[in-house]
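Student: Sharing a model prediction with you, sequence too.
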Amino acid sequence: MDRETRVFAESHFRGLRGRLPSKVCPTPDRVDFIEKPDSFSYTDFFKSYLLPNVPCVFSSAFTEDWGSRKHWVTPSGKPDFDYLLQNYGDVVVPVANCGVQEYNSNPKEHMPLKDYISYWKEFIQRDYSSPRGCLYLKDWHLCRYSSAEGLFTLPVYFSSDWLNEYWDTLDVDDYRFIYMGPAGTWSPFHADIFRSFSWSVNICGRKKWFFFPPGHEEALRDCHGGLPYDVTAPEFLDSHLHPVLEVTQEAGEMVFVPSGWHHQVHNLVIMKSCTGINFEEFYQFLKVIAERRLLLVKKIGPGELQCSEDSGLGLQHTIFDISRIAEVLASVVVNPDFQRVDTSRFLPQPEDLLQQLQEALATTEPL
């Protein structure tokens with residue numbers, strides 16, 4: 001991020017202060033398709049999609065060098081079961097039953113990948129049916145392990161990823177998932193954790209996305225305030241009442257899912273590679289990112305392009321992140337529910353961390 005982009009971003013957020021957010025965001029007319037990597041910069045993405053919080057689709061040219069696209073797919077564009085079995089057959093994976101509703105999700109079991117692939121082949125042979133139901137390999141954390149090296153390259157557009165940076169620091173979890181499944185598998189209606197943005201790449205196959213801008217999901221609530229399990233059910237098909245964007249994602253393409261957008265995803269044959277908490281956990285999350293950014297800003301000076309050899313963030317993006325964390329933390333410490341939390345063991349105290357962030361901003365170049 002350059003200084004001009006940071007000034008633009010800070011101006012955007014200053015314009016929002018003191019205003020109550022609209023309950024319903026407008027629905028874009030279409031989802032933009034980004035064709036060429038060489039002509040689309042991080043600044044282009046940041047200004048046109050991340051800040052406005054609207055979806056877009058990147059062409060397969062953005063992922064053509066990924067190892068998973070080269071090794072996991074046959075020349076005919078199908079999943080390469082032989083390669084997957086040879087390299088991951090004994091790995092135990094989580095599998096959901098798409099035919100059974102459990103609250104607003106599906107029940108899960110665990111099985112070796114070789115058993116799931118055996119099921120998958122049989123499912124296809126039975127004309128896409130099985131007495132075991134429609135099983136979907138979901139939320140496989142393969143990227144935690146060394147065997148995942150070379151499978152994908154993190155797109156520069158998503159290099160500022162607070163959630164995965166936090167979990168990588170703790171070395172206990174991540175939000176990088178692999179999904180696999182035959183035609184008919186799907187993910188129920190939901191929004192991502194923390195209402196964060198996410199991104200998703202099809203290694204092969206096709207999938208259909210149903211997008212609802214923030215606020216539009218409110219019209220779908222039932223008399224108990226619950227959101228629907230399946231927005232493609234007949235009672236939800238009136239597009240005049242419930243504006244929705246539909247996107248068909250082809251092999252190799254990458255979808256950007258903006259913050260707070262509810263969505264539902266149906267697989268037309270896919271393999272996908274990506275990316276509840278209480279106040280105490282949320283503060284720990286903010287603290288980890290804040291302390292890492294404060295450390296970086298001490299190491300760098302104006303004009304440097306990189307914060308450090310192991311960070312893709314420049315000076316301007318580091319300062320921008322500090323300003324966003326400070327604003328979020330400032331809203332948290334005055335929240336009545338947070339004020340009821342026992343923070344006596346928090347180090348540093350939330351107010352002290354907020355002060356450190358504000359002091360760091362005061363010593364950087366003025367906007």
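Tutor: Arrived safely. Worth saying up front: this structure is predicted, and the values here are computed from it rather than measured.

Student: and E218, that's in a helix?
Tutor: Yes - using DSSP: H, G, I helix; E, B strand; the rest coil, the assignment for E218 is a helix.

Student: how deep is it tucked in, by neighbour count?
Tutor: Using other CB atoms under 10 Å, E218 is surrounded by 13 other residues. The way it works is simple: take the backbone N, C-alpha and C, and place the C-beta from them, glycine included.

Student: For S259, see how far away it is.
Tutor: 16 Å (CB to CB, to the nearest Å).

Student: Could you do L361 as well?
Tutor: Counting by CB to CB, the separation of L361 from S259 is 23 Å.

Student: And F282, by the same measure?
Tutor: From F282 across to S259, the span is 16 Å (CB to CB).

Student: cool, and L354?
Tutor: L354 sits 22 Å away from S259, going by CB to CB.

Student: Please apply the same query to S200.
Tutor: Relative to S259, S200 is positioned 15 Å away (criterion: CB to CB).

Student: coming back round to it: compare neighbour counts for L354 and S259 and give me the winner.
Tutor: More neighbours surround L354 than the other of L354 and S259, with 21 against 14 (other CB under 10 Å).

Student: just checking, the more buried one touches A330?
Tutor: Yes - L354 lies in contact with A330 (CB atoms under 8 Å); the separation is 6.0 Å.

Student: bridging residues for E246?
Tutor: Listed by DSSP bridges, the beta-bridge partners for E246 are F210.

Student: got a list of what the nearest residue to E64 once chain neighbours are set aside touches?
Tutor: Closest residue to E64 apart from its sequence neighbours, by CB to CB, 6 or more residues apart in numbering: G252 at 6.7 Å. Residues near G252 by CB atoms under 8 Å, 6 or more residues apart in numbering: S59, S60, A61, T63, E64, R69, V201, N202, I203.

Student: what about G252, which helix or strand?
Tutor: Assessed by DSSP states H and E, G252 sits outside every helix and strand.

Student: So which residues of the stretch 251-367 of the chain form helices?
Tutor: Under the criterion DSSP state H, counting those that start in this stretch, the stretch 251-367 of the chain contains helices at 279-299, 315-333, 336-339, 350-363.

Student: deepest of these, which one?
Tutor: Of all the helices of the stretch 251-367 of the chain, helix 315-333 has the most neighbours on average by mean count of other CB atoms under 10 Å, namely a mean of 19.

Student: What is that helix packed up against?
Tutor: The contact analysis (3 or more CB pairs under 8 Å, 6 or more residues apart in numbering; DSSP states H and E) places helix 315-333 against helix 3-16, helix 279-299, helix 350-363.

Student: What mean pLDDT does it get?
Tutor: In this model, helix 315-333 has a mean pLDDT of 91.

Student: partners of the most centrally placed residue in the chain in the sheet?
Tutor: Geometric centre of the chain, nearest residue: S198, 1.9 Å, by CA atoms, centre = their mean. Listed by DSSP bridges, the beta-bridge partners for S198 are V257.

Student: Cross-check the contact I'm expecting between it and D192.
Tutor: Yes - the criterion here is CB under 8 Å, and S198 meets it with D192 at 4.9 Å.

Student: Now do the shared contacts for the two.
Tutor: In contact with both S198 and D192: V257, using CB under 8 Å, 6+ apart.

Student: For R206, see how far away P348 is.
Tutor: Computed as CB to CB, the P348 to R206 distance reads 49 Å.

Student: who's more crowded, these two?
Tutor: Applying other CB under 10 Å to P348 and R206 shows that R206 carries more neighbours, namely 16 against 13.

Student: Validate this expectation: the more buried one resides in a strand.
Tutor: Yes - assessed by three-state DSSP, R206 belongs to a strand.

Student: Skipping its backbone neighbours, what lies nearest it in space?
Tutor: L268 (4.1 Å).

Student: Kindly report the same for R30.
Tutor: L245 (7.7 Å).

Student: residues contacting the one you found?
Tutor: Residues near L245 by CB under 8 Å, 6+ apart: T27, P28, R30, V31, P55, W209, F210, F211, P213.

Student: May I see those residues organised as JSON lines, with distance to C143 added?
Tutor: Shown next, in JSON lines, are those (distance: CB to CB, whole Å):
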{"residue": "T27", "distance to C143": "33"}
{"residue": "P28", "distance to C143": "31"}
{"residue": "R30", "distance to C143": "32"}
{"residue": "V31", "distance to C143": "26"}
{"residue": "P55", "distance to C143": "23"}
{"residue": "W209", "distance to C143": "22"}
{"residue": "F210", "distance to C143": "26"}
{"residue": "F211", "distance to C143": "25"}
{"residue": "P213", "distance to C143": "29"}
